[in-house]
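In: Need coordinates for the below:
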Amino acid sequence: MNTLALGPSWLDPDYLLNTFGLPGLLLIVFAESGLLIGFFLPGDSLLFTTGLLVTTGQLKYPLWLVCTLIAIAAILGDQVGYLFGRKVGPSLFKRPDSRLFKQENVEKAHVFFEKHGPKSLVLARFVPIVRTFTPIIAGVSRMNYRLFVIYNIVGALLWGVGVTVLGAMLGKIGFVHAHIEKILILIVLLSVLPIVVEVLKARSQSKKAAAAEALAGGPDGPPAPPATGRGRHAKR
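Out: You can find the predicted model right below:
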């Protein structure tokens, strides 16, 4: 199966699966689920392509086994992310930016977690970048461990198994094979859409806050009225 490269060849799902097979897939799912270096990996399109390749026989493993291993890798990845967050604690928010670490990504996950609470562990699975940092933020926030495990398992099953099975089901349709490149691009766009919406909302709120501050005369309140005393230079 030839797919349109979604960036560098090493980020193309078809290339990754043909080169590294099932072990590579599981490593990517594990890394993207909770390791700081995994945020740039193509999780959604990779899972979809995996299901499709299982259906077509290019990936010679039973679907149930692939789904089981993907779920386990996703659960373990989030567990590692949570434990890392508990160990690092709030100092994570003071860590300097680097090529593979941006405070902006941590802030996005933090806002997402604060907004959605424990269910963010399920919702974040479907949002690139945010899904990598959310279990870490849960650890930093000292989320109840038992509650974390429950939501972690639910999220891993819905995302890891759900997207893979979707790819397997649609892989039986001829239209999907004929337009696989467009479908993969659509999956990527739909995945990043929540991030775009959140960024636009944040910018809008920031502009409104700045405008309100300007109308109020700045952070220190409205400017003081000019002095009217009869000082040394006052007109007589």
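
In: just the helices in the protein please.
Out: Along the chain, the segments classed as helices by DSSP state H run 13-34, 43-56, 63-88, 103-116, 120-123, 130-140, 145-156, 162-170, 174-178, 180-215.

In: and the fourth one, what other elements does it pack with?
Out: This means helix 103-116. Helices and strands touching helix 103-116, as assessed by 3 or more Cβ pairs under 8 Å, 6 or more residues apart in numbering; DSSP states H and E, comprise helix 120-123, helix 130-140, helix 180-215. Where C-beta positions appear, they are placed from N, C-alpha and C, glycine not excepted.

In: ok now the first one, how far from the chain's centre?
Out: In terms of Cα atoms, centre = their mean, to the nearest Å, the centre of helix 120-123 is found 10 Å from the chain centre.

In: Residue 88 versus residue 140, what's the distance?
Out: For residue 140, the distance to residue 88 (Cβ to Cβ, to the nearest Å) stands at 7 Å.

In: Those two: which has the busier surroundings?
Out: Taking neighbours as other Cβ atoms under 10 Å, residue 140 and residue 88 compare with residue 140 leading, 24 against 15.

In: Can you report how many residues neighbour the residue nearest to the more buried one when sequence neighbours are not counted?
Out: Residue nearest to residue 140 in three dimensions, not counting chain neighbours: residue 85, with 4.3 Å by Cβ to Cβ, 6 or more residues apart in numbering. Other residues lying near residue 85 total 23 when counted by other Cβ under 10 Å.

In: what sits against residue 85?
Out: 92, 135, 136, 137, 138, 139, 140, 141 (Cβ atoms under 8 Å, 6 or more residues apart in numbering).

In: closest to residue 175 among those?
Out: residue 135 (36.4 Å; Cβ to Cβ).

In: For the nearest residue to that closest one once chain neighbours are set aside, report the pLDDT, please.
Out: Ranked by Cβ to Cβ, 6+ apart and with sequence neighbours excluded, the top spatial neighbour of residue 135 is residue 81, at 3.5 Å. On the pLDDT scale, residue 81 is placed at 91.

In: looking at it, residue 81 is touching residue 132, isn't it?
Out: Yes. With contact defined as Cβ atoms under 8 Å, residue 81 counts as touching residue 132 (7.4 Å).

In: Now for the two: what residues contact both?
Out: Common neighbours of residue 81 and residue 132 (Cβ under 8 Å, 6+ apart) are 33, 34, 35.

In: looking at these, which has the most residues close by?
Out: Greatest neighbour count in these, by other Cβ under 10 Å, goes to residue 33: 30 neighbours.

In: contacting residues for that one?
Out: Counted by Cβ under 8 Å, 6+ apart, residue 33 has contacts 73, 74, 75, 76, 77, 78, 81, 131, 132, 135, 156.

In: let's see 6 Å
Out: Neighbouring residues of residue 33 by Cβ atoms under 6 Å, 6 or more residues apart in numbering: 74, 77, 78.

In: Columns distance to residue 208, pLDDT and neighbour count on top of these, output as a markdown table?
Out: Below are those laid out as a markdown table (distance: Cβ to Cβ, whole Å; pLDDT from 0 to 100; neighbours: other Cβ atoms under 10 Å):
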| residue | distance to residue 208 | pLDDT | neighbour count |
| --- | --- | --- | --- |
| 74 | 38 | 94 | 29 |
| 77 | 38 | 93 | 27 |
| 78 | 35 | 93 | 30 |
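
In: from these, which is closest to residue 118?
Out: If you rank the contacts of residue 33 by distance to residue 118 using Cβ to Cβ, residue 78 comes first, at 12.5 Å.

In: Excluding chain neighbours, what is closest to the closest one?
Out: Per Cβ to Cβ, 6+ apart, closest to residue 78 is residue 135, 4.2 Å.
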